[in-house]
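>>> Can you look at this prediction? I've put the sequence above it.
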Amino acid sequence: MARYILNETSYFGVGCREELANEVKARGYKKALLVSDKVLAECGVLGKVKEVLNKAEIAYGEFTDIKQNPTIKNCKDGLEAFNKVGADFIIAVGGGSVIDTAKAVAIVKNNPEFADIRSLEGVAPTHSKCVPIIALPTTCGTAAEVTINYVITDEENNRKMVCVDPKDIPLVAIVDAELMVSMPPKLIASTGMDALTHAIEGYITNGAHTISDMFEIKSIELIAKHLRGAVADRNMEDMDGMSIAQYVAGMGFSNVGLGIVHSMAHPLGAVFDVPHGVANALLLPIVMEFNMSACIEKYGDIARAMGVDTIGMTKEEAARAAVEAVRKLSKDISIPQTLREISIKREDLPRLAKDALADVCTGGNPKDVVLEDILGLYEVAY
C-alpha cells in the first residue's frame, strides 16, 4: 500500500505570488501571521510578498526571529506571536527553517498538549490538523512547502528532532522563482544539492514506490540541467527549473522517506550549525558508494538522469558513473568536499555517528547500517 499527501493547491511560475491574495480572500481568512526571517526582510524578498498583501488590504502581523537551524525557542516565540497578533492563518515566506517553524507553530496552536515542542519528535499522535499555512519558498532545496516533515533543533541537548505529521502540510504552496533570485550563489548551490539529495535518497529508499520514482527521476533530470546555470548567473530559466525540481523531489520523499545522508547531516547541523544543504552535499557521493550494492539498477537510472550516456557500460560501471556525476556537480558549484573544510574535528565523529544512527531517517536507508558503518563513512568524509 502507498499513501500520498500533497498540498491542496499549488502554484508555479514566475510572478505567481500574486495568487496569494486570491487564495486568502477565497478562503475567508481574516488576519495572517507572516513568518519569515530577518535576512529576507532586509534583502527585500519579504517586501515582495507584503506588496501583494498590502495591495489587497489583507491584515497581517510579522514574526521574523528565526535561526538558520530553527530552535524550540523560535517555535515557542512564534506561537506567542501568533496569539498576540490574533491571526487565524500563517503565511510562511522562506526556506526550510522558516517553513519548519511555521509548521511547528501551526501544529501546536491546534494541539496545545504538545507545547513543549520536544514531544513532537518522530510521529507524534496529534489529533487536529494544523492552523492553515500558505507557504512561499525562497530557496531551491528543502521542499518544505510540500512535505509532511519538519526539523527543529533542541538547543539544550544539541540535537535535531525530525518530526513527521500528515497534519502539518501547508494547505497552499506558491512556488515563485522571483522570490529565490536574491539567494547568493553559495546558497543556491547548497540548497540545490539538498534537493538532489532528497531526489536520490527518495529514489533508493526502502519505501520507494512507482509514483515516487517518477517524481524523483524527473527531479534529478531538472537539477542536472539547471543547477549549474542557477549558481553561475541566477538566470530566470534555470531558477524556475530549480524551483520546480526541488518541489517535485519533495512530492516523492515526503511520502516514502530518506536515508543515512540525512541521518548524518542532521547532527552536523544540530551540533555545529552546518547548513543542511552543505552537509547533505558533502556526504551524498560517499554514502552513494556505500549503498551501491543494494540498489545498483537504480544507480544506472540516476546516471542517465544526470546526463550520462551509459550505453555499453556494465551495471557496475553505470552505477559508478552516477556517483561520479554527483561528485562532479558538487565540485563544479564549489561545495566543500571534506569535513575538515567545515572545521569538524576527528574527535567529534563518534558523537556524530551515535546521533546519526538514532535519527528517524536511518530506517529508510536501502542498506542496513550499524554504528561502525556510520562512523566509517564520517571517517571517509573527514
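Received it, and whenever you're ready, just let me know what you need. What you are looking at is a predicted structure, and each value in this text was computed from that prediction instead of being measured.
>>> Now the closest residue to residue 37 other than its chain neighbours: phi and psi?
Counting by Cβ to Cβ, 6 or more residues apart in numbering, residue 37 lies nearest to residue 66, which is 4.7 Å off, once chain neighbours are set aside. C-beta: built from backbone N, CA, C; applies to glycine. Per-residue torsions, residue 66: phi -130, psi 130 (degrees, to the nearest 10).
>>> Could you do residue 379 as well?
The phi/psi pair for residue 379 (degrees, to the nearest 10) is phi -60, psi -40.
>>> Quick check: buried residues in stretch 141-160?
For stretch 141-160, burial by neighbour count (16 or more other Cβ atoms under 10 Å) applies to 141-153, 159-160.
>>> still on that earlier bit, where does the residue nearest to residue 37 land on pLDDT?
Looking at residue 66, its pLDDT reads 94.
>>> what's near enough to touch it?
Shown in contact with residue 66 (Cβ atoms under 8 Å, 6 or more residues apart in numbering): 35-37, 74, 78, 94, 97-98, 101.
>>> Just put these in CSV and tack on secondary structure.
Putting those into CSV (DSSP: H, G, I helix; E, B strand; the rest coil) gives the following:
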residue, secondary structure
35, strand
36, coil
37, coil
74, helix
78, helix
94, strand
97, helix
98, helix
101, helix
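>>> if we can go back for a sec, mind checking how far the residue nearest to residue 37 is from residue 361?
For residue 66, the distance to residue 361 (Cβ to Cβ, to the nearest Å) stands at 23 Å.
>>> ok, now residue 131?
27 Å.
>>> Repeat that for residue 9.
As judged by Cβ to Cβ, residue 9 and residue 361 stand 28 Å apart.
>>> Which one's more surrounded, the two?
residue 361 (23 against 15; other Cβ atoms under 10 Å).
>>> That one touches residue 266, doesn't it?
Yes - using Cβ atoms under 8 Å, residue 361 is in contact with residue 266, at 7.5 Å.
>>> Quickly list what's touching both of these two.
Common neighbours of residue 361 and residue 266, counting by Cβ under 8 Å, 6+ apart, are residue 162.
>>> Just the CA trace of the helix or strand harbouring residue 48, in PDB.
Using DSSP states H and E, residue 48 sits within helix 45-55. Extracted in PDB, the C-alpha atoms of helix 45-55 (Å, rounded to 0.1, in the frame of the first residue of the first chain):
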ATOM      1  CA  VAL A  45      12.200  39.400  -0.600                       C
ATOM      2  CA  LEU A  46       9.600  39.700   2.200                       C
ATOM      3  CA  GLY A  47       8.700  43.000   0.800                       C
ATOM      4  CA  LYS A  48       7.600  41.500  -2.500                       C
ATOM      5  CA  VAL A  49       5.000  39.400  -0.600                       C
ATOM      6  CA  LYS A  50       3.900  42.300   1.600                       C
ATOM      7  CA  GLU A  51       3.200  44.300  -1.500                       C
ATOM      8  CA  VAL A  52       0.700  41.700  -2.600                       C
ATOM      9  CA  LEU A  53      -0.900  41.700   0.900                       C
ATOM     10  CA  ASN A  54      -1.000  45.500   1.200                       C
ATOM     11  CA  LYS A  55      -2.500  45.900  -2.300                       C
END
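>>> Show the secondary-structure elements that it is packed against.
helix 19-27, strand 31-35, strand 89-94 (3 or more Cβ pairs under 8 Å, 6 or more residues apart in numbering; DSSP states H and E).
>>> Mean neighbour count, those: which tops it?
Across these, averaging neighbours per residue (mean count of other Cβ atoms under 10 Å) puts strand 89-94 on top, at a mean of 28.
>>> Would you mind getting the angle between it and helix 19-27?
Interaxial angle, strand 89-94 versus helix 19-27 (axes from the mean of the first three to the mean of the last three Cα atoms, to 10 degrees): 170 degrees.
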